[in-house]
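Colleague: Kindly generate the corresponding structure for this input.
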Amino acid sequence: MNNMLMRLKKNKILRNMCVNTTFLKDQLIQPIFVSENIESKKEIPGIPNNFVMNLEESIQQIELDLKNNQKNFLLFMIPKKKEDNDFNFNFQKNVISTIKNRFKSDILLWADVCLCSMTTHGHCCLFDNKKNIDLNKSLSALSNIALNYSEAGIDGIAPSDMMDGRTASIRKILDNNEYNLMPIMSYSTKFASNFYGPFRYAADSTPSFGDRKQYQLDYRNKSEAIRASVRCFKEGADFLMVKPGQGSIDLIEPIKIKTGLMVGAYQVSGEYAGIALAAEKNLLDFNNALLESWHVMKRAGAQFIISYGARKSKELGISE
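Modeller: From the prediction side, this is the model:
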């Protein structure tokens, strides 16, 4: 049974995220990075006011964000030990359960689902002994991650790996384990972009060999980008997403027309850093430029925006 319409109504923040007629704070999603490797928070180079934090510091940050009415978060978790098999999710499950037990329904907490921060090689997949992608093994691992995060109490799953078939695999394991109301926000059109540098520092996910062009999309190819989102739609995604957001605004409307789903945009770390660095040089006003960038993405049809400046939405005058 397809429960998508019910999945998108299960709490107020999620319902606000889906509103079409205005730009609401709940349509802005703030990334949060929690690492098992650090004792005290470190600012991420290039993206001011964003940190890699330990668990206690992430709770303090969310408390501050809530005071500014920021309630929608995308969680990235970086375990201390890297593995290529037999993943241990104790750290991630503790992070999710601790945050959700502290804030309950006051926040909406999405979890990025990928292997890049967990593997020794930093790729979003698993390989066979000839360094070819082992798709079946990768899908099994990604689905297991999604199930473990769901068991820990996450509000939504956001697969970012770009493996063929991962949305269907995750939807199946969730439904088979009575998480049929767990929404999936798929990174459905994700390019092999040059604008991810600060993120890879934060997530400790730089590949140790090669690059990600064998599974992420070629930014020169529009038709392939649209097909990737159509694939995730057919596999059971509830939300679709383009990434990088500002570099993909021409794709939002065509994907919406092809699928009928809501499509968001991820304003990635390099895009955000460009605004911040220009502001540091007094070449523009940071708040005004950030607000303009959000409205451009909304004008292009973005239903929601993931941005490292989401916590500034109150200051920038976005509606409740």
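Colleague: Only C-alpha atoms from now on, for both contacts and neighbour counts.
Modeller: Fine.
Colleague: Would you mind measuring from residue 91 to residue 149?
Modeller: Here residue 91 is placed at a distance of 11 Å from residue 149 (CA to CA, to the nearest Å).
Colleague: So for these two, which residue has more residues nearby?
Modeller: Remark: of residue 91 and residue 149, residue 149 carries more neighbours, 25 against 17, as counted by other CA atoms under 10 Å.
Colleague: so which helix or strand takes in that one?
Modeller: Using DSSP states H and E, residue 149 sits in helix 135-152.
Colleague: Grab the CA positions of that helix and hand them over as PDB.
Modeller: Provided in PDB are the C-alpha atoms of helix 135-152 (Å, rounded to 0.1, in the frame of the first residue of the first chain):
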ATOM      1  CA  LEU A 135      25.600  -2.800  -6.300                       C
ATOM      2  CA  ASN A 136      23.800  -5.500  -4.400                       C
ATOM      3  CA  LYS A 137      26.000  -5.200  -1.400                       C
ATOM      4  CA  SER A 138      25.800  -1.400  -1.500                       C
ATOM      5  CA  LEU A 139      22.000  -1.500  -1.600                       C
ATOM      6  CA  SER A 140      21.900  -4.000   1.300                       C
ATOM      7  CA  ALA A 141      24.200  -1.800   3.400                       C
ATOM      8  CA  LEU A 142      22.300   1.400   2.600                       C
ATOM      9  CA  SER A 143      18.900  -0.200   3.400                       C
ATOM     10  CA  ASN A 144      20.300  -1.500   6.700                       C
ATOM     11  CA  ILE A 145      21.500   2.000   7.600                       C
ATOM     12  CA  ALA A 146      18.000   3.400   6.900                       C
ATOM     13  CA  LEU A 147      16.400   0.700   9.000                       C
ATOM     14  CA  ASN A 148      18.800   1.300  12.000                       C
ATOM     15  CA  TYR A 149      18.200   5.000  11.900                       C
ATOM     16  CA  SER A 150      14.400   4.400  11.800                       C
ATOM     17  CA  GLU A 151      14.600   2.100  14.800                       C
ATOM     18  CA  ALA A 152      16.500   4.800  16.600                       C
END
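Colleague: Return the distance of it from the chain's centre.
Modeller: Here helix 135-152 shows a centroid-to-chain-centroid distance of 16 Å under the convention CA atoms, centre = their mean, to the nearest Å.
Colleague: who touches it?
Modeller: 89, 92-94, 96-97, 111, 113-115, 125-126, 156-157, 163-166, 169-170, 173-174, 179, 182 (CA atoms under 8 Å, 6 or more residues apart in numbering).
Colleague: residue boundaries of the helices in this protein?
Modeller: 4-7, 12-17, 55-67, 90-103, 135-152, 166-176, 197-203, 222-235, 249-259, 269-280, 286-299 (DSSP state H).
Colleague: any chance of those in a markdown table, plus distance to residue 190?
Modeller: As requested, the helices of the chain are exported to a markdown table (distance: least, CA to CA, whole Å):
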| stretch | distance to residue 190 |
| --- | --- |
| helix 4-7 | 23 |
| helix 12-17 | 21 |
| helix 55-67 | 27 |
| helix 90-103 | 24 |
| helix 135-152 | 17 |
| helix 166-176 | 14 |
| helix 197-203 | 14 |
| helix 222-235 | 8 |
| helix 249-259 | 11 |
| helix 269-280 | 14 |
| helix 286-299 | 16 |
